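In: Take a look and give me a structure for this.
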Amino acid sequence: MLDLWYKSAVIYCVDVETYMDGNGDGVGDFEGLLGRLDYLAGLGITCIWLMPFYPTPNRDNGYDVTDYYSVDPRLGTLGDFVEFLRQARDRGIRVIVDLVINHTSTDHPWFQAACADPQSKYRNYYVWSEEKPADAEEGIIFPGYQESTWTYSEKAEAYYFHRFYHHQADLNIANPELREEFCKIMGFWLELGISGFRVDAAPFLIELKGIEQQADVAEPYEYLKQMRDFLSWRRGDAIILAEANVAMENVPHYFGQGEKLQMLFNFIVNQYLMLAFARKSAAPLIEGLNAPPEIPDTGQWAYFVRNHDELSLDKLSKAEQEEILTQFEQDKAQVWIYDRGLRRRFPPLVQNDPKRIRLAYSLMFTMPGTPVLKAGEEIGMGDDLSLEQRKSIRTPMQWSNESNGGFSTAPAEKLIRPVIDTGPYGYHQLNVVKQQKASDSLLNWMERAIRTHKECPELGWGHWKILKADSPGVLALQYRWRNGTLVTLHNLAAEDCTTKLTLEDSSENHWTDLFGDQSYEPITQPQQGIPLAGYGYRWLRIGRKRL
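Out: Below is the predicted model:
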């Protein structure tokens with residue numbers, strides 16, 4: 001019997017190096033993370049997603065890996081990692097880790113061996129060309145920061161392909177030996193006790209640009225099934241959560257009939273969520289929810305407000321992108337990056353309006369799938385636009401009003417990245433300790449939202465549909481699972497409203513408020529309309545009244 005634990009999970013994304021410094025050297029580590037497990041258990045999360053923690057020259061936030069079988073010495077040892085897993089498990093928290101399968105650092109021993117000896121088996125681990133291909137300037141991921149997708153190696157006397165930065169050489173996924181190596185890598189971490197992987201840049205495992213020998217990949221998506229087969233064979237309940245910001249017609253290739261990946265991030269809903277906030281209308285969000293095709297029962301969407309990258313708006317039109325910038329009052333020259341997105345966290349986009357911040361996360365928790373939080377979102381952290389590119393949203397966690405926000409006892413100049421120390425998002429004003437003491441804080445709100453979400457299995461497991469509401473700002477969703485019926489209402493408009501819904505079964509006439517932006521009068525006659533405040537929300541259970 002399949003264990004679909006991810007259907008009711010609450011996932012929390014951690015970058016170890018910026019979370020908590022346990023040894024005072026200015027870099028977060030597993031010792032520090034271990035000391036915060038009780039905090040995470042109290043918050044209510046059920047799964048930690050670890051961003052790359054492997055050895056790395058750290059030119060791209062750890063996504064430039066030099067050893068897939070170890071822990072970066074700055075962050076600790078394998079022993080520290082295993083102890084972290086054990087203590088997380090003791091608290092009922094699963095762990096998934098990033099699997100960076102698209103590329104390695106050019107400092108990786110594989111690449112160094114490939115450059116040194118054309119006859120080495122590692123030569124075919126990468127993608128080469130004797131001449132610079134004519135399309136070398138096409139498909140650049142980081143326009144403005146990356147000039148080509150092919151770079152010449154003097155040592156190898158050939159050009160190597162890199163979808164991302166020149167220091168990240170793409171791997172030749174068509175090579176059976178490399179695939180076997182990644183099975184060993186997956187098996188290694190599964191044996192240590194993780195519950196699965198978040199696969200970075202999944203679409204580029206399919207788009208095998210530059211690879212001429214593709215005899216083994218006549219059907220590129222078959223590799224996803226091979227990964228899933230190995231995963232399920234080694235550990236039946238392990239999952240793959242893929243980063244795949246793809247066109248909707250390609251989504252079925254990733255899920256298959258349930259035999260490929262279990263989870264995808266829902267980028268399309270995230271982008272339409274931003275448009276809905278900009279317009280203060282539910283219509284864009286309804287369009288986003290209706291965009292994806294039907295997925296298998298074992299499949300699941302992962303929903304988020306912000307992740308660790310830019311806030312991609314690439315699936316929206318240029319006019320819609322400009323509309324978001326205008327309505328959020330953003331300076332394009334400061335915040336627009338890679339010609340596709342915003343390098344801001346969410347609170348600064350809505351001028352730190354607590355009502356709209358809570359509305360956004362209430363929406364995330366009540367989407368038909370699994371919610372994913374990035375560390376710091378639970379306290380409403382901001383960003384530092386003085387930092388380059390995406391580092392603006394990757395500042396250290398703010399624990400207290402002590403030096404360095406309680407992240408590290410090291411001198412400020414030794415920190416892996418500067419903490420935010422001024423303005424409304426500075427650690428003196430915004431930190432965990434302060435919010436733990438304030439009953440009306442965002443942190444305490446998040447704890448209640450997560451607890452209520454866990455009490456509503458319909459959200460992760462149920463069949464859902466969009467209900468017709470007569471207020472243009474209101475998104476109304478209905479969930480049914482087993483004997484439970486749940487309705488969630490969110491008003492994206494600033495004005496109060498009383499919205500009428502079209503429900504199929506009026507016999508279930510007992511409505512119970514589970515969670516909301518304020519205390520509302522009990523609903524006794526829903527056909528006359530349900531009140532909602534501006535930027536308000538209500539999670540409602542419907543059923544026959546129990547005696």
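In: which outside residues touch stretch 398-410?
Out: Stretch 398-410 is contacted by residues 18-21, 24-28, 376, 379, 381, 396-397, 412, 414-415, 419-421, 427-428, 430-434 when judged by CB atoms under 8 Å, 6 or more residues apart in numbering. Using the backbone N, CA and C atoms, a C-beta is placed for each residue, glycine as well.
In: Okay, helices next: where are they in the stretch 301-450 of the chain?
Out: 318-327, 332-335, 346-349, 354-365, 432-437, 442-454 (DSSP state H, counting those that start in this stretch).
In: which of the ones you listed is buried the deepest?
Out: Counting by mean count of other CB atoms under 10 Å, helix 346-349 has the highest mean neighbour count of the helices of the stretch 301-450 of the chain, with a mean of 25.
In: Give the other helices and strands that that one contacts.
Out: Counting contacts by 3 or more CB pairs under 8 Å, 6 or more residues apart in numbering; DSSP states H and E, helix 346-349 is packed against helix 354-365.
In: In terms of secondary structure, what does the helix it packs on contact?
Out: Judged by 3+ CB pairs under 8 Å, 6+ apart, helix 354-365 is in contact with helix 267-279, helix 346-349, helix 442-454, strand 484-491, strand 537-543.
In: Could you rerun that using 7 Å?
Out: helix 267-279, helix 346-349, helix 442-454, strand 484-491 (3 or more CB pairs under 7 Å, 6 or more residues apart in numbering; DSSP states H and E).
In: and for the last one, what are the contacting residues?
Out: Right, the one you point to is strand 484-491. Strand 484-491 is contacted by residues 359, 362-363, 366, 456, 458-459, 473-479, 497, 499, 508, 530, 532-543 when judged by CB atoms under 7 Å, 6 or more residues apart in numbering.
In: Over to the third one?
Out: By CB under 7 Å, 6+ apart, the list of residues contacting helix 442-454 from outside reads 10, 43-45, 357-358, 361-362, 365, 371, 378-380, 432, 435-436, 459, 514-515, 539.
In: Could you pull up phi and psi at Glu177?
Out: With angles defined as degrees, to the nearest 10, Glu177 sits at phi -60, psi -40.
In: which residue is nearest the middle of the chain?
Out: Asn307 (4.7 Å; CA atoms, centre = their mean).
In: does the closest residue in space to it that isn't next to it in sequence have beta-bridge partners, and which?
Out: In space, and not counting its chain neighbours, Asn307 is closest to Lys374: 5.9 Å by CB to CB, 6 or more residues apart in numbering. Beta bridges link Lys374 to Cys13 when assigned by DSSP bridges.
In: So what's the residue count around Arg228?
Out: Arg228 has 19 neighbouring residues, counting by other CB atoms under 10 Å.
In: Could you double-check that it lies in contact with Ile240?
Out: Yes: counting by CB atoms under 7 Å, Ile240 is a contact partner of Arg228 at 6.5 Å.
In: okay, and the common contacts of the two?
Out: Counting by CB under 7 Å, 6+ apart, the residues touching both Arg228 and Ile240 are Leu261.
In: so where do the helices sit in the stretch 151-300 of the chain?
Out: Ranges of helices in the stretch 151-300 of the chain, per DSSP H, counting those that start in this stretch, are 176-192, 222-234, 251-255, 267-279, 283-290.
In: highest average neighbour count across the ones you listed?
Out: helix 267-279 (a mean of 23).
In: Please enumerate residues in contact with that helix?
Out: For helix 267-279, the external contacting residues (CB under 7 Å, 6+ apart) are 245, 248, 282, 284-285, 287-289, 291-292, 303-304, 311-313, 315-316, 320, 323-324, 327-328, 350, 356, 360, 363, 367, 492.
In: and that helix, average pLDDT?
Out: Per-residue pLDDT values over helix 267-279 give a mean of 98.
In: Could you list the alpha-carbon positions for that helix in CSV?
Out: Only the C-alpha atoms of helix 267-279 are listed here, as CSV (Å, rounded to 0.1, in the frame of the first residue of the first chain):
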residue,chain,number,x,y,z
PHE,A,267,4.5,27.9,-10.9
ILE,A,268,1.5,28.9,-13.0
VAL,A,269,-0.8,29.4,-9.9
ASN,A,270,2.0,31.4,-8.2
GLN,A,271,2.3,33.8,-11.1
TYR,A,272,-1.5,34.3,-11.4
LEU,A,273,-1.6,34.7,-7.6
MET,A,274,0.6,37.8,-8.0
LEU,A,275,-1.5,39.1,-10.8
ALA,A,276,-4.7,38.6,-8.7
PHE,A,277,-3.1,40.6,-5.9
ALA,A,278,-2.1,43.4,-8.3
ARG,A,279,-5.7,43.6,-9.7
